[in-house]
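Asker: After the sequence you'll find the predicted model.
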Amino acid sequence: MKISFVQTGKTTENYINEGVSLYEKRIKKLVPFSILTTPAVKNRRNLKPEEIKNREGKLILDLLHDDDYIILLDEKGKEFTTAEMGSFLRRSFTGLRRNIVFVTGGAWGFSPEVYARADMKLALSKFTFPHQLVRLLFMEQLYRVLTLIEGLPYHHD
């Protein structure tokens, strides 16, 4: 089984890129992992939010496979503690036998088609974060959960 992370458009902030790269290297030492980035939607300034979501949605769906287990990072999703997320992933590793794909949308969220394709929605917090910052927060949390599963000394209760 492999874990993938789909993000919409390139990350423009250097500090976010550096943090994501750091955690990507750490995660790859623990599990097969990849980051997939959709191209940015062109002419965004001339589009309404719904059209941006629909175009981004098509780009996201093009990266997914039929047998992927899709988890959207969505503020209205299920919330887990770190330990609960670790238990969920541990069960998924043994029970799903499918690749797990976490997806973060653009600034306007997801299209209805992406929501329909999702197997689960996961909230990182009740707070709302800029979509690019979510990338770094998610990567740190994924690393934290994986170290917990592996029994490595990173997470403290």
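Answerer: Structure received.
Asker: partners of the longest strand along the chain in the sheet?
Answerer: Counting residues, the longest strand in the chain under DSSP state E turns out to be strand 69-78. Applying DSSP bridges, strand 69-78 is found paired with strand 100-104 (parallel), strand 120-122 (parallel).
Asker: got the CA coordinates for it in CSV?
Answerer: The C-alpha trace of strand 69-78 is given here as CSV (Å, rounded to 0.1, in the frame of the first residue of the first chain):
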residue,chain,number,x,y,z
TYR,A,69,-9.2,5.3,-1.0
ILE,A,70,-9.8,9.0,-1.1
ILE,A,71,-9.7,11.2,2.0
LEU,A,72,-10.5,14.9,1.5
LEU,A,73,-8.9,17.4,3.9
ASP,A,74,-12.1,19.4,4.6
GLU,A,75,-13.0,21.6,7.4
LYS,A,76,-16.3,19.9,7.8
GLY,A,77,-14.7,16.4,7.9
LYS,A,78,-14.2,14.0,10.8
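Asker: now that strand: mean pLDDT?
Answerer: For strand 69-78, mean pLDDT is 94.
Asker: Only the buried residues of that strand, if you could.
Answerer: When burial is assessed from 16 or more other Cβ atoms under 10 Å, strand 69-78 yields the following buried residues: 69, 70, 71, 72, 73, 74, 75. C-betas here are computed from N, CA, C, even on glycine.
Asker: and for it, what are the contacting residues?
Answerer: Around strand 69-78, the neighbours that count as contacts under Cβ atoms under 8 Å, 6 or more residues apart in numbering are 64, 92, 96, 98-105, 109-110, 114-115, 117-128, 134, 138.
Asker: May I see the ChimeraX selection of the buried members of those?
Answerer: Here is the ChimeraX selection string for the buried members of these, based on 16+ other Cβ under 10 Å:
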select :64,92,98,99,100,101,102,103,104,105,109,110,114,117,118,121,122,124,134,138
